[in-house]
Each structure stands twice: as structure tokens, then as C-alpha cells.
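Asks: next come a sequence and a model predicted from it.
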Amino acid sequence: MSNFIHNWEKVYHTINKNWFHYSKKEKEEQMNFLEESAQSVLDSWGEMEEKLIALKQKGEIEEAKPLSYTSIGTSYYTLEMFEKAFQTLKKEEEIGEENDLRLLYLGFAAVYSGESNQAIETFLYLIQTTTSIMTRHFAYVGLGCQYAQLDQIDHSIETFQQANKLTSNIDVVYNLGVCHYVNKEYKEASIYFKEAIDSMPDDGEAYFFLGCCQWEMGCQKEAWDCFLSALGLLYSDEALHAFAKISEWHGHHRLAIHCYDRIEALKSRSNQTLHGLAWNYALLDEYDIALRLFAEMEAPCAFNHEVNTSVEWLMNHWPHGKSVQLSILFNR
């Protein structure tokens, strides 16, 4: 910045010294140059002021005495007894900032209890009345969650963005990515998932969703790089099952098998993982392994629609001998 100002001064003195030698058009050009240069400095100054204000606000948040609110209602909330928490918190009475926290608990309990109108009303009231930046931030977060639950994704995005302006929160960034992904706004979603990964490099779900965005945008190599990164970081059954289905759908049966193996390593073997493994080995024409895995499945699986569909398809496409073995196994 100091170099820029120094250079501006040099140009100014040169123009001032030679002013009477310039034509009218040259004078206008020189004046326009100096004005535009000065304006860029003013714009930079304004941006610096805004950043300083934001830092001061963060400092105030950090220095503020952390508040807590503990009651019978919050105890129910901690135990995930959300309906009981909702009814109890409604009856409790507090004043000042502790009441703001009570209302925050009440709002989230309402979200998890299906009391959407009460949740929206509570969060909107807090946003308008609280003097605490953090309370307002989490009120926006709760409101965003409620809108998402109601499939009002555009409202959810707008609300999460308001929360993110108050203070950075990696969960909010991730939620923004998911909302844009649901809206099929893959480029915007990928920006948020990349930001989430920058902050939390071990976030397997962010890698998974980023991979889905890359795939939808036609960047298949980048997508599979993300999927492979996600595979070693995912721990939830839901995410790994989703990953396995996507891999299977695109013909990457070995990768799908790795997903099911990881689920079993993290949890335990089940009819669902056995079916997933058997089906993918079957599609690789590894008949004996597939038959052995089908044989390990417990009896109730024979009445499962997905299993029945798989078995019927394989019986129609496998070599005759293997098809007979499969039909005997399932009493067809």
C-alpha cells in the first residue's frame, strides 16, 4: 500500500509539473487516471475498515464470559428426550441472557420434536431481540435447520449465510454445501465443501459430497480422487452405504466391495452387507464367492424385496449350473 501511494505521488508531481504542456484531452486522461487510482485506495481502505470491525467483533466474542444454562429442560435435551425437553423448557422462566439460552434450547427442541411453527417463531424472536452475537448466530443456524427440514432450501441457504456472516462455523459451511447440492447447484456446493475440507481435512462426508459435485460437473477423475479420499475417512453406515451404491451404479464393483468391507470392519456383518458383497461379486462373475456370501445370509432375507430382485436377475443371467445352485439356495 505504501509503495502504491508513493507511486501515485510521483505521477501526481509529474502531471502537476507538466500541466500546461498537456492538451485538453491529455489533461482529462491524466485526471481520470489519478481519480481512479485514488478511488481504488479509498475502496481498499473501506475494505480494511470492515475487516477490522469484523476482527473486533470476534475479539468481543472471545473475551465475553461464556454463558451456560442448566435446568430440567436442558437435561431432557441432553438425553435426546426432545418432546419432554420442549414441554419443560416452555414452562421454565429466566431473565436476561440466560433466558436467551433457554429460548435457544427451546427452539432446537422444537425442531427435533416436529414443532416447526414454534421453532420458527422462537428463532425469529431471538434474532430480533438478543444482544449476543453468538446467540443470534445459533438462532440463525436453528432457523436454517428448520427450513431445511421443511424442504424450504432457498430460505435455508439464506439463513445459514446470515449465520456465517456473524461468525465462521464449519458446520454451517457444510450445511450450505448440502443445501446447494440438494438444489443441484453443484458449482456453489463444491465451493463450500472445499472450504469445509480446508478446515477439517478428515471430513469424509465433505469429500464424498465434493466428489458427487465433481461427478455432476463432468470432472470424473477429480470425483474419484475425492471418493477414494472419502473411503478411508467415512465412519457412518449411511454414508458408506450411499458410497457403495454410487460405486456399484457406475460399475466400480471392487470399490463397492471395499465400502461393504469397511462397514463390516467398523460395525459387524449383517444381511445388508452380505447382500451388497454377494451382489457385487456376482456382477464380477466371481460365482463361488457370491454363492458362499448368499448362503451366509439369515433366513428372513429371502423375503426381502431387494434380495429377491437380485436373485431373480442373477438366475436369468448366470450360467445354467450356477443359476441352479442359486435357485436351490433360495428354494426357487
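Replies: Sure thing, it's come through. Nothing here was measured: the structure is a model prediction, and the numbers come from that model.
Asks: neighbours of S156, how many?
Replies: Close neighbours of S156, defined as other CB atoms under 10 Å, add up to 24. From N, CA and C alone the C-beta is placed, and that goes for glycine too.
Asks: give me the distance between it and C179.
Replies: Distance, S156 to C179, by CB to CB, to the nearest Å: 5 Å.
Asks: any idea how many residues pack against L143?
Replies: That count, for L143 with other CB under 10 Å as the rule, works out to 26.
Asks: pretty sure it contacts T159?
Replies: Yes. With contact defined as CB atoms under 8 Å, L143 counts as touching T159 (4.8 Å).
Asks: shared neighbours of S156 and C179, which are they?
Replies: Common neighbours of S156 and C179, counting by CB atoms under 8 Å, 6 or more residues apart in numbering, are A148.
Asks: which pLDDT value goes with H6?
Replies: As predicted, H6 sits at a pLDDT of 61.
Asks: need the three-state assignment for the residue nearest the centre of the chain.
Replies: With distances taken as CA atoms, centre = their mean, the chain has Y174 as the residue nearest its mean C-alpha position (2.6 Å). The assignment at Y174 comes out as helix when based on DSSP: H, G, I helix; E, B strand; the rest coil.
Asks: OK, contacts around the nearest residue to it once chain neighbours are set aside?
Replies: Nearest residue to Y174, sequence neighbours excluded (CB to CB, 6 or more residues apart in numbering): A196, at 4.7 Å. When contacts are counted by CB under 8 Å, 6+ apart, A196 is found next to I170, V173, Y174, G177, D203, A206.
Asks: filter the residues you listed down to the buried ones.
Replies: Burial by neighbour count, judged by 16 or more other CB atoms under 10 Å, picks out V173, Y174, G177, D203, A206 from the contacts of A196.
Asks: ok, so of these, who is nearest C213?
Replies: G177 (8.2 Å; CB to CB).
Asks: could I get the contacting residues of the closest one?
Replies: G177 makes contacts with A189, S190, I191, Y192, F193, A196, A206, F209, L210, as judged by CB under 8 Å, 6+ apart.
Asks: which residues of the stretch 151-300 of the chain fall in helices?
Replies: Ranges of helices in the stretch 151-300 of the chain, per DSSP state H, counting those that start in this stretch, are 153-166, 170-182, 186-199, 204-216, 220-231, 237-249, 253-266, 271-283, 287-296.
Asks: so can I have TSV of these showing mean pLDDT and distance to Q118?
Replies: Formatted as TSV, those follow (pLDDT from 0 to 100; distance: least, CB to CB, whole Å):
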stretch	mean pLDDT	distance to Q118
helix 153-166	95	17
helix 170-182	95	21
helix 186-199	95	29
helix 204-216	91	30
helix 220-231	86	37
helix 237-249	84	28
helix 253-266	89	37
helix 271-283	92	37
helix 287-296	91	49
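Asks: could those helices go into JSON lines alongside distance to T129?
Replies: Below are those laid out as JSON lines (distance: least, CB to CB, whole Å):
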{"stretch": "helix 153-166", "distance to T129": "15"}
{"stretch": "helix 170-182", "distance to T129": "21"}
{"stretch": "helix 186-199", "distance to T129": "30"}
{"stretch": "helix 204-216", "distance to T129": "34"}
{"stretch": "helix 220-231", "distance to T129": "42"}
{"stretch": "helix 237-249", "distance to T129": "38"}
{"stretch": "helix 253-266", "distance to T129": "45"}
{"stretch": "helix 271-283", "distance to T129": "48"}
{"stretch": "helix 287-296", "distance to T129": "59"}
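Asks: relative to G107, which of those is closest?
Replies: Counting by CB to CB, and looking across all of the helices of the stretch 151-300 of the chain, nearest comes helix 153-166 at 12.6 Å.
Asks: so which bits of that closest one are buried?
Replies: So for helix 153-166, counting by 16+ other CB under 10 Å, buried means I153, H155, S156, I157, T159, F160, Q162, A163, N164, L166.
Asks: ok, for the fifth one, nearest residue in space, not its chain neighbours?
Replies: Which is T159. G144 (3.9 Å).
Asks: now the end-to-end length of stretch 146-161.
Replies: One end of stretch 146-161 to the other measures 14 Å (CA to CA, to the nearest Å).
Asks: got a list of contacts for it?
Replies: Residues contacting stretch 146-161 (CB under 8 Å, 6+ apart): 110-111, 116, 119-120, 123, 140-141, 143-145, 172, 175-176, 179-180, 182-183.
Asks: among these, name the buried ones.
Replies: For the contacts of stretch 146-161, a burial check counting by 16+ other CB under 10 Å picks out 110-111, 119-120, 123, 140-141, 143-145, 172, 175-176, 179-180.
Asks: of the residues you listed, closest to G232?
Replies: Checking these one by one against G232 (CB to CB), the nearest turns out to be N175, at 23.8 Å.
Asks: hmm, that closest one is touching L143, no?
Replies: No. The criterion here is CB under 8 Å, and N175 misses it with L143 at 11.7 Å.
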